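Chemist: mind looking at a prediction? Sequence and model below.
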Amino acid sequence: MNQPLNIFVPHCSGCLTDVLPHGDGLVAHGFITRLAERGHRLYVAAERVELSKPLPDNVRLFPIGSRSTSGSSSGTTSRLSYMLRVRSLLRCLCKDVRFDLIHQLNPVYTGISLALWGSRIPVVLGPYVADWPLDPNAITSSRATLRAVIRQTKKAAALVQQIGASAILLTTEAARQRVVLADHWKAPIHFLPHGIDSDFFSPAAPDSSKAVTEERQVILFYANISARKGIFELLQAFELLTTGFPAAELWVAGDGEQLDAVKDLASRLSGGDRIRFLGRQSREDAVLLMRQADVYCLASHGEPYGMTVVEAMSCGLPVVVTDAGGARYLVDEAGGIRVPVKSPSSLAQAIATLLANPVLRREMGLRNRRRVIEEFSWDRVVDRLEEIYRFTLECERGSQLAGNAPRAQFAETLSNGGEPR
């Protein structure tokens with residue numbers, strides 16, 4: 001953009017970080033620092049901050065406390081307190097700064113931007129990621145009614161929050177579920193993926209010696225160790241592969257509450273001695289693992305986005321994912337294979353196809369690397385975000401000249417019970 005903007009960020013994940021394994025916090029840090037590199041001035045409210053390096057000089061950071069997550073009641077009270085403090089902060093800053101935009105980054109916690117209503121500053125929400133699929137067990141539990149009430153309350157608050165937004169950002173088409181009344185309200189929706197440092201997440205140098213030899217084929221799983229990540233289906237799929245691919249190994253990187261159960265299952269498999277549990281990994285170690293692997297696999301039951309999938313793609317790996325959630329939109333047929341959810345046999349067949357064909361693996365890996373640079377690298381993502389900012393500001397100016405016609409049209413839609421005339 002020709003003119004640097006003053007941007008107020010009322011929330012940027014539960015933890016703004018450049019060093020911890022905190023996906024939302026790392027993404028928020030990426031957006032903030034890259035926008036600052038373009039000359040924009042950012043005023044950032046944060047609950048928790050864990051940084052190894054100082055932020056750029058044109059980023060002002062305002063730690064204003066954490067929200068409690070010990071219970072729904074205390075959590076709600078703490079969030080309201082946070083909202084009041086954010087509103088007070090904006091009011092103080094507006095005495096000296098003329099803000100162009102308010103941008104609430106992912107995760108767009110319900111209600112926070114409502115604290116800023118009346119500021120007359122355009123609000124951008126997102127990028128949203130999709131929700132995890134509902135747990136069927138939760139629906140039949142004794143607390144199902146209470147949870148349903150909480151969901152409906154949050155949905156109502158999200159509706160009001162989105163009415164007040166000037167732009168809504170979605171990471172993938174899967175996140176469209178997060179837009180309330182999307183069929184009736186033609187909201188200003190834009191698609192914007194999370195950015196990635198494609199220089200950091202990169203393939204091994206052509207002249208470097210790869211630790212994995214031709215005698216060993218590595219399938220890499222790098223994620224939280226939980227059932228909804230598809231780790232149990234992956235172990236079952238690996239068992240089906242062991243006879244036909246005696247050189248195959250499964251590397252499981254990460255930690256989680258179901259690690260012991262996963263290890264127990266692995267110990268009972270005939271190919272269990274070829275499953276390696278590597279534990280929690282630093283970002284640097286994760287890159288090294290991806291450079292040694294032959295295939296990356298995430299058999300998630302409905303991944304909200306799939307950042308590790310993009311990281312693997314950036315490292316030049318072919319990927320196998322489920323045809324669900326955000327991952328189905330991140331992976332195309334030229335760069336990987338999508339399989340049905342909870343289908344070990346389909347998963348095994350997809351992995352076998354790649355292990356048996358090194359030329360296909362290489363072609364898919366090259367395709368993924370090119371695609372990341374063209375679509376997911378921070379330069380491309382921030383280019384797109386600046387276009388969205390420019391479009392949003394132009395629409396706001398037009399809306400003001402027209403007497404805020406779009407908002408009036410939506411208010412009329414609500415008055416008709418959600419049905420447009």
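Modeler: The structure has been received and is ready for your questions. Note that the structure is a prediction, hence the values are computed from the model and not measured.

Chemist: wait, what's in contact with the spatially most central residue of the chain?
Modeler: By CA atoms, centre = their mean, the chain has its centre lying nearest to Tyr305, at 4.5 Å. The neighbourhood of Tyr305, defined by CB atoms under 8 Å, 6 or more residues apart in numbering, consists of 129-130, 171-172, 194, 325-327, 330. Glycine gets a C-beta too; all of them are placed from N, C-alpha and C.

Chemist: what's the answer for Leu105, then?
Modeler: Leu105 sits next to 9, 11-13, 27-28, 31, 126-127 when contact means CB under 8 Å, 6+ apart.

Chemist: low-confidence stretches in the stretch 201-350 of the chain?
Modeler: 207-214 (pLDDT under 70).

Chemist: now do the helices in it.
Modeler: Here the stretch 201-350 of the chain has its helices, by DSSP state H, counting those that start in this stretch, at 231-241, 259-267, 283-292, 307-314, 327-330, 344-355.

Chemist: what's the longest helix in this protein?
Modeler: helix 378-401 (DSSP state H).

Chemist: list the buried residues in it.
Modeler: 378, 380-382, 384-385, 388-389, 392-393, 396, 399 (16 or more other CB atoms under 10 Å).

Chemist: do stretch 16-27 as well
Modeler: Buried, per 16+ other CB under 10 Å, within stretch 16-27: 16-18, 20, 22-27.

Chemist: next: stretch 358-376.
Modeler: In stretch 358-376, counting by 16+ other CB under 10 Å, buried: 361, 364-365, 367-369, 371-373, 376.

Chemist: kindly report the same for stretch 152-159.
Modeler: Going by neighbour count (16+ other CB under 10 Å), the buried part of stretch 152-159 is 158-159.

Chemist: please save the CA atoms from it in CSV.
Modeler: Provided in CSV are the C-alpha atoms of stretch 152-159 (Å, rounded to 0.1, in the frame of the first residue of the first chain):
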residue,chain,number,x,y,z
GLN,A,152,-26.4,-21.0,20.6
THR,A,153,-25.3,-18.1,22.8
LYS,A,154,-21.9,-18.0,21.1
LYS,A,155,-23.6,-18.2,17.7
ALA,A,156,-25.8,-15.2,18.6
ALA,A,157,-22.8,-13.2,19.8
ALA,A,158,-20.8,-14.1,16.7
LEU,A,159,-23.7,-12.9,14.5
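
Chemist: how far off centre is that stretch?
Modeler: The chain centroid and the centroid of stretch 152-159 are separated by 21 Å under CA atoms, centre = their mean, to the nearest Å.

Chemist: what lies in contact with it?
Modeler: Contacts for stretch 152-159 (CB under 8 Å, 6+ apart): 110-111, 114, 178, 180-181.

Chemist: same thing with stretch 228-248?
Modeler: 132, 215-219, 221, 223, 225, 250, 252, 256, 258, 262, 265-266, 269-271, 274-275, 297-303, 322, 341-345, 347-348, 351-352, 355-356.

Chemist: cool, and stretch 167-184?
Modeler: 106, 108, 122-131, 155, 158-159, 162, 187-194, 304-305, 325-326, 328-330, 388, 391-392, 413, 418-420.
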